[in-house]
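Asker: Got a sequence here, can you model it:
(one chain, ligands or ions: 1)
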Amino acid sequence: MQLGFKNIKNNFKVDNNHLIAIDPTQRAWIEVNGNAISNNVRQICSSLKSKCKFMAVVKADGYGHDAKFVSEYAIRGGADQLGVATLQEGIYLRSEGIKIPILILGNVYTKKDLLICFKNNLMPTISSMRECLICNNIGKKYKKSFYLHLKVDTGMSRLGFGIDEFINIFDAINSFQNIYIDGIYSHLATADEDEFLNQESYTNIQKLKFEKLLQDIKITKYPDIKIHLANSAGTFLGKDFHFDMVRVGLSMYGYNPFFNQIVDLKLEPALCLKSKISFIREIEVDTGVSYGRKFISNQKTKLAVISIGYADGICRKLSNNISVIHNGVKYPQVGAITMDQLMINITHSKDIKVGDSVLLLGSDGKESISPLEWANKASTIPWEILCAFKNRLPRVLMN
Ligand SMILES: Cc1ncc(COP(=O)(O)O)c(C=O)c1O
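Answerer: Residues are numbered from 1 along each chain as shown. Next up, the predicted model:
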């Protein structure tokens with residue numbers, strides 16, 4: 001059932017001074033299946049260590065799926081906290097009525113932004129003493145505790161206190177009256193890539209460093225502080241990676257995060273990318289197609305023009321290298337992908353007509369195409385494929 005859609009700006013027209021909604025499936029769109037999100041969260045939760053919490057990572061507009069929608073369905077599936085990247089993303093979810101704890105995974109470091117964070121009941125990720133002092137002062141001023149998570153760098157070299165630095169100043173931070181340490185965390189750099197998880201693997205070394213640090217700060221004295229390390233890949237590496245909470249993005253959306261391993265759960269991709277056929281033409285043999293004539297017909301060829309292009313977020317590098325699905329059959333894309341349109345070779349089709357929908361990503365029950373396939377072809381990762389989809393594509397929200 002279709003629940004609604006987003007991107008009002010691009011889907012309304014003025015007619016007799018009335019706003020009339022244009023069908024969001026008029027050209028190209030993303031369908032998001034809320035129940036798939038809930039089911040994926042439920043399944044992953046049931047594989048976690050007992051009492052382990054689940055943070056649904058909904059940054060970058062819920063990996064392109066619509067952050068508010070994903071958050072609601074993740075909460076239905078059992079998510080305890082949400083992770084966003086920016087202050088704006090957090091404020092947006094609060095303004096949409098999301099009530100559960102939200103952690104900002106990126107850095108918020110100015111007094112002004114930390115105050116906004118506090119006032120919107122968002123938790124910042126803290127990587128320095130300076131930020132702790134600001135948070136404590138804000139808490140003092142408003143006679144409340146400022147909830148936050150402390151981050152430690154165990155090998156990602158991005159945000160986080162250095163390990164020795166953290167061990168030296170943890171007691172001092174903990175003694176601040178107006179700070180509430182809701183969590184301590186670190187982030188894995190290679191969990192999705194490590195071929196084998198053994199003592200020497202980088203992922204294991206990061207875990208050992210994290211565990212040693214927790215021992216050094218005598219973490220067992222603070223049972224309410226949530227300890228977390230694992231992203232999707234880390235979560236599937238085993239219960240000793242779960243600690244008190246996992247932070248799951250990609251797998252909640254239905255995808256295996258590993259390059260070389262399978263996952264034991266039946267994750268369901270929540271997203272389908274679809275578009276309409278806007279025109280059909282026949283070309284003679286030896287005719288070039290699209291910019292640069294990167295495809296030349298070797299016979300009389302029937303082409304369908306599809307209303308989607310790189311301005312919608314389809315990487316141009318995929319030109320001549322992907323397919324689309326129509327009624328359970330795959331048809332090859334030919335020629336350079338243009339800004340708003342691309343062409344497919346439908347010479348062997350008997351049933352395709354103008355106005356038909358085709359599937360570019362997702363499954364129609366018979367055939368499927370995954371973001372991983374696109375990622376391999378474009379020398380990137382599925383995360384980037386999903387986050388590339390532009391606002392011009394309406395998100396059609398389904399359950
Ligand atoms: C700090 C942090 N935790 C968790 C995640 C979720 O990662 P994944 O999508 O691999 O589950 C991310 C995503 O990049 C992240 O930056």
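Asker: Point me to the residue of this protein nearest the ligand.
Answerer: Of the chain, the residue with the smallest distance to the ligand, taken as Cβ to the nearest ligand atom, is G249 at 2.5 Å. All C-beta spots, glycine's among them, are computed from the backbone N, C-alpha and C.
Asker: so what's that residue closest to, chain neighbours aside?
Answerer: Nearest-residue entry for G249: V57, 3.5 Å, with adjacent residues in sequence omitted and distances by Cβ to Cβ, 6 or more residues apart in numbering.
Asker: just K294 next, same as before
Answerer: Beyond its immediate neighbours in the sequence, the residue positioned closest to K294 (Cβ to Cβ, 6+ apart) is A336, lying 5.2 Å away.
Asker: Only alpha carbons, please: show stretch 274-284 as CSV.
Answerer: Once non-C-alpha atoms are left out, stretch 274-284 reads as follows in CSV (Å, rounded to 0.1, in the frame of the first residue of the first chain):
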residue,chain,number,x,y,z
LYS,A,274,12.0,2.6,-10.8
SER,A,275,11.4,4.7,-13.9
LYS,A,276,9.1,5.0,-16.8
ILE,A,277,9.6,4.4,-20.5
SER,A,278,8.9,7.8,-22.2
PHE,A,279,9.7,7.0,-25.8
ILE,A,280,10.5,4.1,-28.2
ARG,A,281,12.4,4.3,-31.4
GLU,A,282,14.1,2.1,-34.0
ILE,A,283,17.6,2.7,-35.3
GLU,A,284,19.3,1.3,-38.3
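Asker: Contacts for that stretch, please.
Answerer: Counting by Cβ atoms under 8 Å, 6 or more residues apart in numbering, stretch 274-284 makes contact with 25-31, 289, 297, 300-308, 324, 341, 346, 352-360, 362, all of which sit outside it.
Asker: which residues does the residue nearest to G249 contact?
Answerer: The contact partners of V57, taken as Cβ under 8 Å, 6+ apart, are 63, 82-83, 105, 231, 247-249, 252.
Asker: for K266, same thing?
Answerer: For K266, counting by Cβ under 8 Å, 6+ apart, the contacting residues are Q43.
Asker: Am I right that it sits in a helix?
Answerer: No: assignment of K266 by DSSP: H, G, I helix; E, B strand; the rest coil gives coil, placing it outside any helix.
Asker: wait, isn't N231 in contact with A189?
Answerer: No: under the contact definition of Cβ atoms under 8 Å, N231 does not touch A189, with a separation of 10.0 Å.
Asker: ok, back up a step: tell me the confidence at the residue nearest to K294?
Answerer: Model confidence at A336, expressed as pLDDT, equals 98.
Asker: Then N10?
Answerer: Looking at N10, its pLDDT reads 47.
Asker: For the residue of the chain closest to the ligand, give me its contacts.
Answerer: G249 makes contact with 56-59, 63, 83, 231-232, 383, according to Cβ under 8 Å, 6+ apart.
Asker: Could you tell me the phi and psi values at it?
Answerer: phi -110, psi -90 (degrees, to the nearest 10).
Asker: Can you give me the distance of it to D356?
Answerer: Here G249 is placed at a distance of 33 Å from D356 (Cβ to Cβ, to the nearest Å).
Asker: cool, C387 as well?
Answerer: The spacing between C387 and D356, counted by Cβ to Cβ, is 28 Å.
Asker: Would you mind naming what in the stretch 251-399 of the chain lies close to the ligand?
Answerer: By Cβ under 6 Å from any ligand atom, the residues of the stretch 251-399 of the chain that approach the ligand are P257.
Asker: Number of residues surrounding the nearest residue to V108 once chain neighbours are set aside?
Answerer: In space, V108 comes closest to P124 once its chain neighbours are excluded; the distance is 4.4 Å by Cβ to Cβ, 6+ apart. Residues contacting P124 under the criterion other Cβ atoms under 10 Å number 26.
Asker: helix or strand for P124, which one?
Answerer: Secondary structure assigned from DSSP states H and E places P124 in strand 123-126.
Asker: Let me see the contact set for C52.
Answerer: 242-246.
Asker: Try it again at 7 Å.
Answerer: Each residue near C52 by Cβ atoms under 7 Å, 6 or more residues apart in numbering is listed here: 242, 244-246.
Asker: Give me the helices and strands touching the helix or strand where Q206 lies, please.
Answerer: Taking DSSP H and E as the definition, Q206 sits inside helix 202-216. Using 3 or more Cβ pairs under 7 Å, 6 or more residues apart in numbering; DSSP states H and E as the contact test, the elements touching helix 202-216 are helix 163-175.
Asker: Pull out the buried residues from the very next helix or strand once past the helix it packs on.
Answerer: Heading C-terminal from helix 163-175, the first helix or strand you meet, by DSSP H and E, is strand 179-185. Of the residues in strand 179-185, those scored as buried under the neighbour-count criterion (16 or more other Cβ atoms under 10 Å) are 179, 181-185.
Asker: Pick out the least confidently modelled helix or strand of this protein, by mean pLDDT.
Answerer: Taking mean pLDDT, DSSP states H and E as the measure, strand 12-15 is the helix or strand of the chain with the lowest mean score, a mean of 54.
Asker: Now do the residue nearest to V108 against G106, distance only.
Answerer: 9 Å.
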